[in-house]
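Trainee: structure for the following, please:
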Amino acid sequence: MRLKQPNVIALFFTLVGLLSTSVSAAPIPVTVYADNSYPPYSYSENGEVKGLYAQILKVAFSRMPDYAIKIQAVPWKRGLRMLESGTGFALYPPYFHLQKRPYIWPYSLPILDERVVVFCQDKVLSENPRSRWPKDYYGLTIGINAGFHLGGEEFWQAVNNGKIKVIETNSNSQSLNVLGLGRTDCYINDRLSIQMELKRLESQGKYAPGDKHAHLVEGATITLEQGFLGYTDRDNGKFAFKPDFQKQFDVQIYEMRRSGELQNIIDQFTY
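Mentor: Reported below is the predicted structural model:
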């Protein structure tokens, strides 16, 4: 009895098909960059990426099995340069500044709401509450983190006209130290970021109000900003998966917000 020979061609294409399926199913490696000095929202400590954004994004990324996502913390200005040059895929958490940063597009759904306020030495606000921003702050020196476009157009116009002086530093801790030592009059940043960083510095003995440093008082609310995951618009097709990645990430953020999970993460982080 003659044995039936296997169909070699059919077997070949079956193996090719299985191989193709295996290759296509492999998660796409992706690196997302994070601000390394924006506590409590985004920072690194002993080589580990930390902060409120990291906690939220790690949950969202864990539900995107098509991608193997690594978060890498970098200095903020370097992260922006990477997006501008098209070498970096995405960075968090930029605010929506399309005209100032045309190289960032698209933006994700909003991840967090951040209230930008001004904190001042108590003597600056003791006789004048300075509730109008920025007019009530003319003549003062304001601290701001390098690379942060905070304060609004009227504020920067006042800076350009010499009505307000700006001193840039590289981090919240540096800005608060400069403010506490009297080298600036006020400092603008996210309210929660200032409060938690000040609390951390005080607990570590690095900020001593009434001793080495001034007491700080909250002044005017400047804006309500939102933090996003921003993607490079200068990659020239290098990151062809970007539209799908953006869609999947937005779906996860939407579901986390709708279900209340995102708010639960915020509450557990801040209290």
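Trainee: alpha carbons only for contacts and neighbour counts from here, please
Mentor: Fine.
Trainee: now for the most centrally placed residue in the chain: which residues touch it?
Mentor: Nearest residue to the geometric centre of the chain (Cα atoms, centre = their mean): P93, 1.9 Å. For P93, the contact set (Cα atoms under 8 Å, 6 or more residues apart in numbering) comprises A34, D35, S42, Y53, G227, F228, L229, G230.
Trainee: so who does the fourth one touch?
Mentor: Spelled out, it's Y53. Y41, S42, Y92, P93, I111.
Trainee: just the closest of the contacts of P93 to G147, please.
Mentor: D35 (10.9 Å; Cα to Cα).
Trainee: do I have it right that that closest one meets Y43?
Mentor: Yes - with contact defined as Cα atoms under 8 Å, D35 counts as touching Y43 (6.0 Å).
Trainee: where do the contact lists of these two overlap?
Mentor: Listed as contacting both D35 and Y43 by Cα under 8 Å, 6+ apart are A73.
Trainee: helices of the stretch 101-250 of the chain, start to end?
Mentor: Using DSSP state H, counting those that start in this stretch, the helices of the stretch 101-250 of the chain run over 122-125, 153-160, 172-180, 191-203, 242-259.
Trainee: avg pLDDT for the third one?
Mentor: For helix 172-180, the mean per-residue pLDDT is 95.
Trainee: right, so of the helices of the stretch 101-250 of the chain, which gets closest to R81?
Mentor: With Cα to Cα as the criterion, R81 lies closest to helix 242-259 of those, at 18.6 Å.
Trainee: contacts for the closest one?
Mentor: Contacts of helix 242-259 (Cα under 8 Å, 6+ apart): A60, F61, R63, M64, S108, L109, I111, L262, Q263.
Trainee: just to revisit the earlier point, which one of the helices of the stretch 101-250 of the chain has the most crowded surroundings?
Mentor: The highest mean neighbour count among the helices of the stretch 101-250 of the chain, using mean count of other Cα atoms under 10 Å, belongs to helix 172-180: a mean of 22.
Trainee: packing partners for it?
Mentor: strand 112-121, strand 141-145, strand 186-190, helix 191-203 (3 or more Cα pairs under 8 Å, 6 or more residues apart in numbering; DSSP states H and E).
Trainee: out of these, which is closest to S175?
Mentor: Of all these, it is strand 141-145 that lies closest to S175, at 6.2 Å by Cα to Cα.
Trainee: E114 and L192, how far apart?
Mentor: 8 Å (Cα to Cα, to the nearest Å).
Trainee: next one: F155
Mentor: On the measure of Cα to Cα, F155 and L192 end up 21 Å apart.
Trainee: and D35 and Y43? which has more neighbours close in?
Mentor: D35 (27 against 22; other Cα atoms under 10 Å).
Trainee: partner residues bridging the more buried one?
Mentor: Going by DSSP bridges, D35 is paired in beta bridges with V74.
Trainee: which residues touch it?
Mentor: Neighbours of D35 in contact, by Cα under 8 Å, 6+ apart: S42, Y43, A73, V74, P75, W76, G79, L91, Y92, P93.
Trainee: inside helices: which ones of the residues you listed?
Mentor: Those of the contacts of D35 mapping onto helices are W76, G79, per DSSP state H.
Trainee: tell me the one of the contacts of D35 nearest K163?
Mentor: W76 (27.5 Å).
Trainee: now stretch 202-221: how far from the chain's centre is it?
Mentor: 25 Å (Cα atoms, centre = their mean, to the nearest Å).
Trainee: cool, stretch 125-138 as well?
Mentor: The answer for stretch 125-138 is 29 Å, by Cα atoms, centre = their mean.
Trainee: got the end-to-end distance for that stretch?
Mentor: Its start and end residues considered, stretch 125-138 measures 13 Å (Cα to Cα).
Trainee: can you tell me the average pLDDT over that stretch?
Mentor: Here the average pLDDT along stretch 125-138 is 95.
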